[in-house]
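Peer 1: Got a predicted model here, sequence first, then my questions.
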Amino acid sequence: MARSVDPLVVGNVVGDVIDNFARAADMTVHYGPKQVTNGCEIKPSATVHRPNLQIAGRHFDDNKLFTLVMTDPDAPSPSEPNMREWLHWIVTDIPGTADASQGREIVPYMGPRPPIGIHRYVFVAFRQQNPMVVMMAPQVRHNFSTRAFAAQYGLGLPVAAVYFNAQKEPANKKR
C-alpha cells in the first residue's frame with residue numbers, strides 16, 4: 001500500500017522554515033500563467049514581479065484576515081545557508097478570498113536572485129486573530145525567522161504553505 005508523503009516535509013520546508021501543521025486554507029500562487037506547486041522549478045526571470053496570490057479559508061468565514069510571509073531558507077547557498085531565512089515579502093490583513101494585493105504590504109516584494117545552487121522559495125500563510133494594527137518591518141532581510149515572526153505576532157501555526165525551486169540563470173553571452 002502506497003503512503004502519501006507531504007512534499008513540505010520531503011522538501012525540508014517543515015523543519016527548516018515551519019513546524020508541521022494541519023492545512024486549514026487553500027493558497028494559490030501564480031507567476032503569470034505558471035502556478036506554484038510544491039517543488040516545481042521557476043526561473044528567476046519569471047519572478048521579477050510579485051505573484052498573484054490568493055488565500056481562501058476552508059473552515060473560516062470570508063471576513064477572516066491572513067498574513068503572508070515569503071522567504072528563502074537557502075541563502076546565500078544551500079550548502080551554507082548562514083543567512084537563513086532571507087525575507088522576500090510580508091503582507092498582512094489579506095482578506096479571505098481576496099488577492100494579496102488587497103492586504104497591507106509590510107515588506108516590499110523582492111524577487112528571487114539565487115547566487116549559487118538551487119534555492120527554495122517558501123510562501124507561508126497564517127490566519128490572523130485581528131487586524132495587524134502595529135507591525136514593525138524587520139530592519140534587515142537576512143536571518144529572518146518565520147517561526148519567531150509568527151510567535152512575536154501571535155499568529156500560531158501556518159494554515160497553508162507552498163514552495164518552489166529556482167536557480168541562477170546563465171548570463172546571456174555577448175558576441
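Peer 2: Ah, there it is.
Peer 1: Now do the contacts for the residue positioned nearest the centre of the chain.
Peer 2: Closest to where the C-alpha atoms of the chain average out (Cα atoms, centre = their mean) is F123, at 1.6 Å. When contacts are counted by Cβ atoms under 8 Å, 6 or more residues apart in numbering, F123 touches 27, 29, 36, 53, 68-70, 161-163. Placement of C-beta: from N, CA and C, glycine included.
Peer 1: Point out the other helices and strands that the helix-or-strand element of the chain with minimal mean pLDDT packs with.
Peer 2: Here the helix or strand of the chain ranked lowest by mean pLDDT, DSSP states H and E is strand 52-57, holding a mean of 88. In terms of contacts (3 or more Cβ pairs under 8 Å, 6 or more residues apart in numbering; DSSP states H and E), strand 52-57 is packed against strand 25-31, strand 65-72, strand 118-127.
Peer 1: Parallel or antiparallel, which strands does the first one pair with?
Peer 2: Sheet pairing here is set by DSSP bridges, and for strand 25-31 it gives strand 34-35 (antiparallel), strand 52-57 (antiparallel).
Peer 1: shaky segments in this protein?
Peer 2: Low-confidence segments of the chain, defined by pLDDT under 70, span residues 1-4, 58-62, 172-175.
Peer 1: In a markdown table, list the helices and strands packed on strand 52-57 along with distance to M83.
Peer 2: Converted to a markdown table, the helices and strands packed on strand 52-57 look like this (distance: least, Cβ to Cβ, whole Å):
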| stretch | distance to M83 |
| --- | --- |
| strand 25-31 | 23 |
| strand 65-72 | 9 |
| strand 118-127 | 11 |
